[in-house]
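Visitor: need the 3D shape of this:
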Amino acid sequence: MERERLGSRLGFILLSAGCAIGIGNVWKFPYMVGQNGGGAFVLLYLFFLVVMGIPVMTIEFSLGRASQKSPVRIYQALAPKGSKWKIHGYVAMGGNYILMMFYTAVAGWMIQYFFATASGRFEGLNVDQVGQVYQDICANPAGMVGFTSLVVVLGFFICSFSLQKGLEKVSKFMMLALLAIMVILAINSFTMDGAKEGLSFYLKPDLEKMKEAGIANVIVGAMTQAFFTLSLGMGSMAIFGSYINKERSLLGESVNVAVLDTFVAIVSGLIIFPACFTYHVEAGSGPSLIFVTLPNVFNHMAMGTLWGSLFFVFMTFAALTTVLAVFETILACCMDLFGWSRKKACLVNCILMLVLALPCALGFNLLSGIHPLGGTTNFMDLEDFLVSNIILPVGSLVFLLFVVTKKGWGWKNFMAEANEGKGLKVKNWMRGYMTYILPFLFLAIFIIGLISYFK
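Guide: Below you'll find the predicted structure:
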């Protein structure tokens, strides 16, 4: 069966960026900036994005383009015969399923919040009442399962069309709409009374705040945020690499995707902080920022229902572009493994995902008595922990070792593939850095992530 192709370079960049851009860009990045010294954190984040994120993204794109396979079959195509690399292919495939077991519920939340905001459900409520709406949404099993199922069915329905007519067409529209909505919301935020203080808090390097948080903690925070923001380690980028031609070199394309991802993260802060300072609400409130703090902000605004609805459309698109990209990775793996048609792979995986997503959707209500990691944890915490703390860092390390060691694909093969086409090239001097320094950074992220989680 001939491999499908993306219709345009723009489609490839927007799809890859859509996979990387998710909820973490919007609430986690601004919140981390606020807690960790403002502009100083932003500079550290950009530094680690360049030295860690872009090299691994280039590797994933190269593996996909060279093998013309999905993550589960990459190693069979490129690894020496008899080697054990292929085990990671199955782990990467499993990681995509685990990610979608909770991320579909998150996307469902965003749609629920859009409807709640657009219908005026938050109008006239005080802070506690807005918080109660969030509790009520989580406590309703029918709503949680219903909206999660809507995301699953819609996602696989879109992917069931051909690559160009389904995934590429819809993702292009959603990404361009997302970027346009962000710019409109940011311009609106600049006109607010607290814009000056908000932007100063956000972008001015604050070394005192950095010392307060602990310089080592800030560095680790910037490192992990830069790494996780690009969704590397599970082969999602490799699949898009397998859908493109050899006209452009892959380091340059990785930079384009990273720039778009960073643009969304930084503009999210430009939207959120002026609003928080104008209405005197806590800017560093973590996860509740989206579900409790911002609805309160929109309540105070002129035309708040409109701005709130627009914001949650943007959040829904950010979540759905990731869902579609990861669904495509899952489908490609199944088509490669079992020889299924696209339609059959969609039908089987749709049914499977509806079942797999249930523990997370019910973990806030009917199954709220189960605490998989102890304390007050739920199924979402367990699934997030497996993906974020184990599968992504270990997967990135495996991809990296596969291209820098003689027992894997090897540096020469990687460099030849990455550098084919016009654009930025991988240089030979990078080999020492990627062989001897980068693996230790990924190992550090893995170990620090485990320690901090269980602490």
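Visitor: any idea which helix or strand in the chain has the lowest mean pLDDT?
Guide: helix 288 (a mean of 67; mean pLDDT, DSSP states H and E).
Visitor: I'd like the next helix or strand past that helix.
Guide: Downstream of helix 288, the first helix or strand assigned by DSSP states H and E is helix 294-300.
Visitor: buried residues in that next one, which are they?
Guide: The neighbour-count check on helix 294-300 (16 or more other CB atoms under 10 Å) flags 294-299 as buried. No exception for glycine: its C-beta is placed from N, CA and C like everyone else's.
Visitor: next: stretch 259-268.
Guide: Residues 260-268 are the ones in stretch 259-268 that count as buried (16+ other CB under 10 Å).
Visitor: ok, now which ones touch residue 219?
Guide: Residues near residue 219 by CB atoms under 8 Å, 6 or more residues apart in numbering: residue 44.
Visitor: so it is in which element?
Guide: Element membership for residue 219, per DSSP H and E: helix 215-228.
Visitor: where along the stretch 151-300 of the chain do the strands fall?
Guide: In the stretch 151-300 of the chain, no strands are defined using DSSP state E, counting those that start in this stretch.
Visitor: below-threshold pLDDT in it: ranges please.
Guide: 283-288 (pLDDT under 70).
Visitor: need the helices for it, in chain order.
Guide: 169-190, 195-203, 207-213, 215-228, 236-241, 250-278, 288, 294-300 (DSSP state H, counting those that start in this stretch).
Visitor: following the chain onward from the last one, which element is next?
Guide: Scanning the chain past helix 294-300 towards its C-terminal end, the next helix or strand to appear is helix 304-338 (assignment: DSSP H and E).
Visitor: pLDDT of stretch 309-323, averaged?
Guide: Stretch 309-323 carries an average pLDDT of 92.
Visitor: who's in contact with it?
Guide: Residues from elsewhere that reach stretch 309-323 (CB under 8 Å, 6+ apart): 15, 18-23, 25-26, 100, 103-104, 106-107, 110-111, 113-114, 117-118, 151, 154-155, 171, 174-175, 177-178, 181-182, 184-185, 231, 264, 271, 290, 294, 298.
Visitor: buried among these? Make that a ChimeraX selection.
Guide: Typed into ChimeraX, the next command selects the buried ones out of the contacts of stretch 309-323 (criterion: 16+ other CB under 10 Å):
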select :15,18,19,20,21,22,23,25,26,100,103,104,106,107,110,111,113,114,117,151,154,155,171,174,175,178,181,182,185,231,264,271,290,294,298
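Visitor: before we move on, back to that, most neighbours per residue, which of the helices of the stretch 151-300 of the chain?
Guide: Counting by mean count of other CB atoms under 10 Å, helix 236-241 has the highest mean neighbour count of those, with a mean of 29.
Visitor: before we move on, back to that, include distance to residue 440 when you put the helices of the stretch 151-300 of the chain into TSV, please.
Guide: Converted to TSV, the helices of the stretch 151-300 of the chain look like this (distance: least, CB to CB, whole Å):
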stretch	distance to residue 440
helix 169-190	35
helix 195-203	31
helix 207-213	24
helix 215-228	12
helix 236-241	22
helix 250-278	21
helix 288	35
helix 294-300	39
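Visitor: quick one: which of the ones you listed is nearest residue 341?
Guide: Among the helices of the stretch 151-300 of the chain, the nearest to residue 341 by CB to CB is helix 236-241 (17.3 Å).
Visitor: so which elements touch that closest one?
Guide: helix 9-20, helix 54-67, helix 71-78, helix 304-338 (3 or more CB pairs under 8 Å, 6 or more residues apart in numbering; DSSP states H and E).
Visitor: quick one: contacts of the shortest one?
Guide: For helix 71-78, the external contacting residues (CB under 8 Å, 6+ apart) are 63-64, 66-69, 83, 85-86, 88-90, 92-93, 96, 234-236, 238-239, 329, 332-333, 336-337, 402, 409, 413.
Visitor: whatever helix or strand comes next after that helix versus helix 71-78: what angle between them?
Guide: Counting by DSSP H and E, the next helix or strand C-terminal to helix 71-78 is helix 86-118. If you take axes from the mean of the first three to the mean of the last three CA atoms, to 10 degrees, helix 86-118 sits at 150 degrees to helix 71-78.
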